[in-house]
Each structure stands twice: as C-alpha cells, then as structure tokens.
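A.B. asks: what follows is a predicted protein model with its sequence.
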Amino acid sequence: MGTRHKYDPAYRAIVDGLIAARKARGLTQIDVAQAMGTDQSQISKFERGERRLDILDYVRYAAAVGERPGPLLDRLMGCLFPDW
C-alpha cells in the first residue's frame, strides 16, 4: 500500500477542499494547527502531500475550519463522482 493513496486524485481533491475551506474563512495554517493541537509544520506537510491525512486528522481539520466532516466530504466527492 505505502504512499500510493496520497497521490490518488480523490485524495488530492479532499486535501484541496480542506485548503479551500481554510482560505475561504481567512484562516492561516497556524490557526488550523492551534485548533487541532499541533504545529504549523504538520499542517503544511498535510497540504503539500508530504504527510498523509488520516481520518481523525481529516475530522479535526474540518472542524478547525468550521466545516462538518460529512457534508464537506459529500461535496468534495460530488465534484469527482457526479453520481455520488
């Protein structure tokens, strides 16, 4: 398995959606890191694809940018898979 999934277009769409949500709310990586209880470098690594975002990180990131994880994922997947 390895790092294969972090390069999948659906995975990248999820990360890009989180980044877009962060930027739409005028939040910095530091803001998100503080809300998640981590440091800015970890957020940067998620966003650049150097560190794989696990499900708990996804939920924490979504909450940090004021999104509910489920509806956000539905919207992001709907962009990739029209029949979603």
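C.D. replies: Structure received.
A.B. asks: where in this protein is pLDDT low?
C.D. replies: Of all residues in the chain, those with pLDDT under 70 make up the ranges 1-6, 84.
A.B. asks: now the helices for it?
C.D. replies: 9-24, 29-36, 40-48, 55-64, 69-80 (DSSP state H).
A.B. asks: dump those helices to a markdown table, plus mean neighbour count.
C.D. replies: Every C-beta, even on glycine, is put in place using the N, C-alpha and C of the backbone. As requested, the helices of the chain are exported to a markdown table (neighbours: other Cβ atoms under 10 Å):
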| stretch | mean neighbour count |
| --- | --- |
| helix 9-24 | 16 |
| helix 29-36 | 17 |
| helix 40-48 | 16 |
| helix 55-64 | 17 |
| helix 69-80 | 14 |
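A.B. asks: and for stretch 48-65, what's in contact with it?
C.D. replies: 3, 5-7, 11-12, 14-15, 18, 21-22, 25, 27, 31-32, 35-37, 42-46, 68-69, 72-73 (Cβ atoms under 8 Å, 6 or more residues apart in numbering).
A.B. asks: ends of it, what's the gap?
C.D. replies: Taking Cα to Cα, to the nearest Å, stretch 48-65 runs 18 Å from one end to the other.
A.B. asks: kindly report the same for stretch 58-72.
C.D. replies: Across stretch 58-72, first to last residue, Cα to Cα, it's 10 Å.
A.B. asks: ditto for stretch 23-43
C.D. replies: 13 Å.
A.B. asks: going forward, begin numbering at 744 instead of 1
C.D. replies: From this message on, residue numbering opens at 744, which makes the last subject stretch 766-786.
A.B. asks: who's in contact with that stretch?
C.D. replies: With Cβ under 8 Å, 6+ apart, stretch 766-786 has contacts from 765, 787, 790, 794, 800, 803-804, 806-809.
A.B. asks: and those, which two are the farthest apart?
C.D. replies: The two members of the contacts of stretch 766-786 with the most space between them (Cβ to Cβ) are 794 and 809, at 22.4 Å.
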